[in-house]
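Student: got a structure for you, letters missing:
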């Protein structure tokens, strides 16, 4: 089954707005780094983040290109997808994000390690159309 071109194009974006859904159905959007893994996309996040909590209830997500601050073009139609939570064990998926973001990734992860949040484990979200 061929991948949706709009979904595939998101892997080339610097940031995407990842929208997850509360039990009430309310949407919560967050700007995230994204990397392509074949026909899937990969995102990294702290294990105890709100995104992960919401994904444990429903795997449905929506994605749109955005700025670093999360600003999206309202004319862009969100791409509907499904996210799976994957343990971050220094795997190949983590390497995809590390390679794409390079120094920026190392700086942010270094700052995170120095702060209290650096003691929190991270997970990966594997997103498929």
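Tutor: Structure received. Here the structure is a predicted model, which is why all the values come from computation and not from measurement.
Student: switch to C-alpha atoms for all contacts and neighbour counts from now on
Tutor: OK.
Student: Spit out the contact partners of residue 58.
Tutor: Residue 58 is in contact with residue 21, counting by C-alpha atoms under 8 Å, 6 or more residues apart in numbering.
Student: so where's the protein shaky on pLDDT?
Tutor: Per-residue confidence for the chain (pLDDT under 70) gives these ranges: 1-3, 88-90, 116-119.
Student: By residue count, tell me the biggest helix in the chain.
Tutor: Scanning the chain for the helix with the most residues, using DSSP state H, yields helix 92-114.
Student: So which elements touch it?
Tutor: Using 3 or more C-alpha pairs under 8 Å, 6 or more residues apart in numbering; DSSP states H and E as the contact criterion, the elements in contact with helix 92-114 are strand 35-37, strand 40-46.
Student: Can you lay out those strands as a markdown table showing mean neighbour count and distance to residue 9?
Tutor: Shown next, in a markdown table, are the helices and strands packed on helix 92-114 (neighbours: other C-alpha atoms under 10 Å; distance: least, C-alpha to C-alpha, whole Å):
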| stretch | mean neighbour count | distance to residue 9 |
| --- | --- | --- |
| strand 35-37 | 21 | 9 |
| strand 40-46 | 21 | 10 |
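Student: can you tell which of the ones you listed is closest to residue 28?
Tutor: Among these, strand 40-46 comes nearest to residue 28, with 14.7 Å by C-alpha to C-alpha.
Student: Residue 85 and residue 24, how far apart?
Tutor: Distance, residue 85 to residue 24, using C-alpha to C-alpha, to the nearest Å: 21 Å.
Student: and these two? which has more neighbours close in?
Tutor: Higher neighbour count among residue 85 and residue 24: residue 85, with 18 against 6, using other C-alpha atoms under 10 Å.
Student: Next, the contact list for that one, please.
Tutor: Contact partners of residue 85, counting by C-alpha under 8 Å, 6+ apart, are 52, 55, 123-126.
Student: Let's see which of the residues you listed end up in helices.
Tutor: Using DSSP H, the subset of the contacts of residue 85 located in helices is 52, 55.
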